[in-house]
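# Fold the following, please.
(2 chains)
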Number of protein chains: 2
Amino acid sequence: MAIKKIDGGVTAATGFTAAGAACGVKKSGALDIAMIASEPAAKAFAMFTTNAVKAAPVVVSMARVGAKRVGGIVISSGNANACTGAQGVTDAERMCETAALVCGKADQEFLVASTGVIGTYLPIEKILAGIKTTGRLLSRTGHTAAAAAIMTTDTVIKESAVEIMVGRQPVRIGGMAKGVGMIAPNMATMIATVTTDADICRQALETTIRAAVEISFNCVTIDGDMSTNDTVFVLANGAAGNTHILRDTKAAETFQAGLAVVMADLAEQMVRDGEEATKFVRVTVEGADCYGTAKKIAMKIAESVLVKCALFGKDANWGRIAAAAGAADVEFDPRTMGIAINGLVIMRDGGAAIDNQPALDAAMRERDIEITLDLKQGSGAASVLTTDLSVGYVKFNAHYRT
Amino acid sequence: MAIKKIDGGVTAATGFTAAGAACGVKKSGALDIAMIASEPAAKAFAMFTTNAVKAAPVVVSMARVGAKRVGGIVISSGNANACTGAQGVTDAERMCETAALVCGKADQEFLVASTGVIGTYLPIEKILAGIKTTGRLLSRTGHTAAAAAIMTTDTVIKESAVEIMVGRQPVRIGGMAKGVGMIAPNMATMIATVTTDADICRQALETTIRAAVEISFNCVTIDGDMSTNDTVFVLANGAAGNTHILRDTKAAETFQAGLAVVMADLAEQMVRDGEEATKFVRVTVEGADCYGTAKKIAMKIAESVLVKCALFGKDANWGRIAAAAGAADVEFDPRTMGIAINGLVIMRDGGAAIDNQPALDAAMRERDIEITLDLKQGSGAASVLTTDLSVGYVKFNAHYRT
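Numbers count the residues shown, from 1 in each chain, chains lettered A, B, ... in the order given. Now for the predicted structure:
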């Protein structure tokens, strides 16, 4: 199965245009309105935050994602339009309508997302003016500007794209994403948009997206907080002209693999850009009785404040790792447990076992840390990406609004 | 129901003696062995960490707490005797046996706990010598030394005691505890010991302890981490000579109220001594459909890293509070939700509603913060105690071992 990395982000796939513009939501004057349009209109599927407190654009997009094809997506940054009641919903709907109108697709649905500070009404007139500007800028090379326009506390844009072969026909899948605080399982302060020119049936699209999201976006955590705005959009416009992909076929498998590469790449970029992080950490649990158990333990370790503080302090504190694993609310026998950091054993058979302290000290100074915990009780395995918890993170989040 | 606060900690109740000594586990030379003895031997009940990785003393005490009366408890600090395998269990058993012997109670069970760094074998010869010293120091006034000898990163000793009336007979309930990091629901790095001279049946003892622990120790969280060593011991020796307390009686209710006062007092002292905390925070959720829902939401807010960073930054960030509430994995309608801080409204009917910004700014500078969230959907209510997340906490826990 050949999966080739390509350039182009959300406009890598045929038929997609994108743009970004500044409309003044961000005081800095940075880009804050992104648009993506599809010609022809695309099948859309999305996954949203499971937070009981959902932002207005989430409510609006949830209602709009259905059987009908959509013309595109509009995303604003700097203000999340969350906890804004009926006014927020009206504002989000006006964003969709204006975007459709400016793209000459007045009869089509647009989807909407917003990200930023919670609890303030959108400066809607500025935003509608911004949407009009953005609509005029839509182009096949606008992916970078769009990716920049969805950033909040992100320090770099996040894009990825691949080309796969469906039969003899090349098919493109590309995406952009923003993080970077409040990232937790089930998609916290994250907005990701993936576009593809695949011709694929709705069932196959949903199944492959759910599977790819589970092992990518749902396997990252920065601080265990889940936002009100998390959304993953996928648009599929069929412009590649490939043989129609059906569910449970070899072609669907190939498509899912390509989707997973793009999503995992975006997820990794989000974690690497974690707010004030000094470490990029992959926690892998092996030897569990099933995937679910492995993931629960990996997530508990990745979310442990004490483990994250130790990583910031370059301390291979296996006791905290073992204690976090034990707190995952799953049963296992700790007496066979082994833990390694960057391949160096630090726990064996449930007890301390540091074979090479100087090598371990050197490993802890690396930016990339791989924690591997083996329960030796089955074949279930899972990986979760996270960061350390730094002094800078606390300072940053203590004063984010001021 | 008169509950009178008294002095005396774990020796406030008749028949209990206590002592603390230094045996060299702590390099600083601080007290590190505590003992409590009961004459006559006491009924014992204990609640332990639910962590799958249990320290050796937890395993040993779990096996010893049963129908048999116990002679006392021995606790060492500085080394947790956790992740120490079979050797750890042998060491913990030797601690119990030596303690019984030195108290002249060779035929009786002793219970054991240890707290401190994980994953290093106890310096057992030092500890056994320390137990012998401590046994000779047991006295009616040794409660303060005992409370000091169980401290790890605690900065102050934690004691509480009350006198209640059972019929016409005064009955005493006293306790000591240590925190202060790794404190989470279901009793994380915490050891608490409560002694009482009540004459009470085993069933009533267990029922009242479970109820009192639920609303005290199980309602505090510092960092969401759960330790391998958490234990709450209760010893009841019957020396008060009161009318035997039976389950589901008025007397049991009085006893439970007294127990809850002591435990809640110790729990509050633990949170107030939270590692490098700058805020003492009580999160109260009201108007939920039941206690369980209210507690889940309160705990989620109290554990939110972003909420805690905002509190450190003196920022009344109601959006983060609302987002954390929504992430509690319980269903509620956010449109009726209201939030107040120290009585000042910051959210009303699901939207921003700051009536008095200067008063709010002043409130955020207080050390004690009370967050009240009202769902207006029922009569369920619960409170959880926590701290902010400070720069000092991260620095402290990054370098705890070094």
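
# which regions of the stretch 201-350 of chain A sit below the pLDDT cut-off?
A:223-228 (pLDDT under 70).

# Check the secondary structure at A:I339 for me.
Assigned state for A:I339: strand (three-state reduction, DSSP: H, G, I helix; E, B strand; the rest coil).

# okay but it is in contact with A:A323, surely?
No. Applying CB atoms under 8 Å, one finds A:I339 not in contact with A:A323, separated by 11.5 Å. (C-beta placed from N, C-alpha, C; glycine too.)

# which one of the two has more residues nearby?
The residue with more neighbours, out of A:I339 and A:A323, is A:A323; 33 against 24, by other CB atoms under 10 Å in any protein chain shown.

# That one and chain B, how far apart?
5 Å (CB to the nearest CB, to the nearest Å).

# ok, now A:Q357?
In terms of CB to the nearest CB, A:Q357 sits 13 Å off from chain B.

# Tell me, what's the model's pLDDT at that residue?
What the model reports as pLDDT for A:Q357 is 92.

# Can I take it that A:A257 is in a strand?
No. A:A257 is assigned helix when assessed by three-state DSSP, not a strand.

# got the residue ranges for the strands in the stretch 201-350 of chain A?
A:231-236, A:280-288, A:338-341, A:344-348 (DSSP state E, counting those that start in this stretch).

# Would you mind saying which of those strands lies nearest chain B?
Counting by CB to the nearest CB, chain B lies closest to strand A:344-348 out of the strands of the stretch 201-350 of chain A; the figure is 7.3 Å.

# Could I get the contacting residues of A:T195?
A:T195 makes contact with A:10-13, A:16, A:36, A:38, A:42, A:173-175, A:234-237, according to CB atoms under 8 Å, 6 or more residues apart in numbering or on different chains.

# Let's see that with 10 Å instead.
A:8-16, A:18, A:36, A:38, A:42, A:72-73, A:143, A:161, A:172-176, A:233-237, A:262 (CB atoms under 10 Å, 6 or more residues apart in numbering or on different chains).

# Could you report the neighbour count for the nearest residue to A:R247 once chain neighbours are set aside?
Leaving aside its sequence neighbours, A:R247 sits nearest to A:A204 (CB to CB, 6 or more residues apart in numbering or on different chains; 4.1 Å). Using other CB under 10 Å, A:A204 has 22 other residues around it.

# I figured A:A204 hits A:V234, correct?
No. In this structure, A:A204 is not within contact of A:V234 by CB atoms under 10 Å, at 11.8 Å.

# okay, now the domains of chain A?
A:4-272, A:280-398 (automatic domain parsing).

# JSON lines please, covering the strands of the stretch 201-350 of chain A and showing distance to B:A382.
Below are the strands of the stretch 201-350 of chain A laid out as JSON lines (distance: least, CB to CB, whole Å):
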{"stretch": "strand A:231-236", "distance to B:A382": "32"}
{"stretch": "strand A:280-288", "distance to B:A382": "32"}
{"stretch": "strand A:338-341", "distance to B:A382": "36"}
{"stretch": "strand A:344-348", "distance to B:A382": "37"}
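
# I figured A:K314 was touching A:S390, is that so?
No. Between A:K314 and A:S390 there is no contact under CB under 10 Å: 11.6 Å.

# Give me the more crowded residue out of the two.
Per other CB under 10 Å, whichever of A:K314 and A:S390 has more neighbours is A:S390, with 24 against 19.

# OK, contacts around that one?
If you count contacts by CB under 10 Å, 6+ apart, then A:S390 has A:274-279, A:308-309, A:311-313, A:396, B:391, B:394-395, B:398 around it.

# Mind jotting down where the helices sit in chain A?
A:56-64, A:85-102, A:124-137, A:143-149, A:202-214, A:250-272, A:291-303, A:305-312, A:318-326, A:357-364, A:391-398 (DSSP state H).

# These: which one's closest to B:V194?
helix A:318-326 (24.8 Å; CB to CB).

# Who are the packing partners of that closest one?
Counting contacts by 3 or more CB pairs under 10 Å, 6 or more residues apart in numbering or on different chains; DSSP states H and E, helix A:318-326 packs against strand A:280-288, helix A:291-303, helix A:305-312, strand A:338-341, strand A:344-348, strand A:351-352, strand A:368-374.

# which residues are contacting the shortest one?
Judged by CB under 10 Å, 6+ apart, the contacts made with strand A:351-352 from elsewhere in the structure are A:318-319, A:322, A:334-335, A:337-339, A:346, B:83-88, B:118-121.

# So what are the sheet partners of that strand and their directions?
Taking DSSP bridges as the criterion, strand A:351-352 forms sheet pairs with strand A:344-348 (antiparallel).

# buried residues in the partner strand?
A:344-348 (16 or more other CB atoms under 10 Å in any protein chain shown).

# thinking again about what came up before, now the domains of chain A in TSV, please, with extra columns for distance to B:K132.
Below are these laid out as TSV (distance: least, CB to CB, whole Å):
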stretch	distance to B:K132
domain A:4-272	46
domain A:280-398	28
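
# which stretch among those comes nearest B:R64?
Using CB to CB, the nearest of these to B:R64 is domain A:280-398, at 20.6 Å.

# What separates the first and last residues of the closest one, distance-wise?
22 Å (CA to CA, to the nearest Å).

# Also stretch A:138-153?
Start-to-end, stretch A:138-153 (CA to CA) is 25 Å.

# So for it, mean pLDDT?
Mean pLDDT, computed over stretch A:138-153, is 96.

# buried set for it?
Applying 16+ other CB under 10 Å to stretch A:138-153 flags A:138, A:142-153 as buried.

# so what's the residue lying closest to A:V194 once chain neighbours are set aside up against?
In space, and not counting its chain neighbours, A:V194 is closest to A:G175: 3.9 Å by CB to CB, 6+ apart. Shown here is A:G175, whose contacts under the criterion CB under 10 Å, 6+ apart are A:9-10, A:12-13, A:143, A:147, A:158-162, A:192-196, A:232-234, A:259, A:262-263, A:265-266.

# Mind doing that once more with 6 Å?
By CB atoms under 6 Å, 6 or more residues apart in numbering or on different chains, the contact set of A:G175 is A:160, A:194, A:262, A:266.

# what's in contact with stretch A:85-102?
Contacts of stretch A:85-102 (CB under 6 Å, 6+ apart): A:56-57, A:59-60, A:71, A:74, A:81, A:106, A:108, A:110, A:112, A:121-122, A:124, A:128, A:131-132, A:135, B:351.

# Is it possible to mark the buried ones in those?
A:56-57, A:59-60, A:71, A:74, A:81, A:108, A:110, A:112, A:122, A:124, A:128, A:131-132, A:135, B:351.

# picking that back up, ok, the residue nearest to A:V194 to B:V89 distance?
Counting by CB to CB, to the nearest Å, the gap between A:G175 and B:V89 amounts to 53 Å.

# before we move on, what about A:A67?
Noted for A:A67: a distance of 62 Å to B:V89, by CB to CB.

# When those two are compared, which one has more neighbours?
Neighbours per residue, other CB under 10 Å: of A:A67 and B:V89, the larger number sits with B:V89, 17 against 7.

# which ones are touching A:T155?
Counted by CB under 6 Å, 6+ apart, A:T155 has contacts A:D273.

# My guess is A:E163 contacts A:G8. True?
No. Between A:E163 and A:G8 there is no contact under CB atoms under 6 Å: 9.6 Å.
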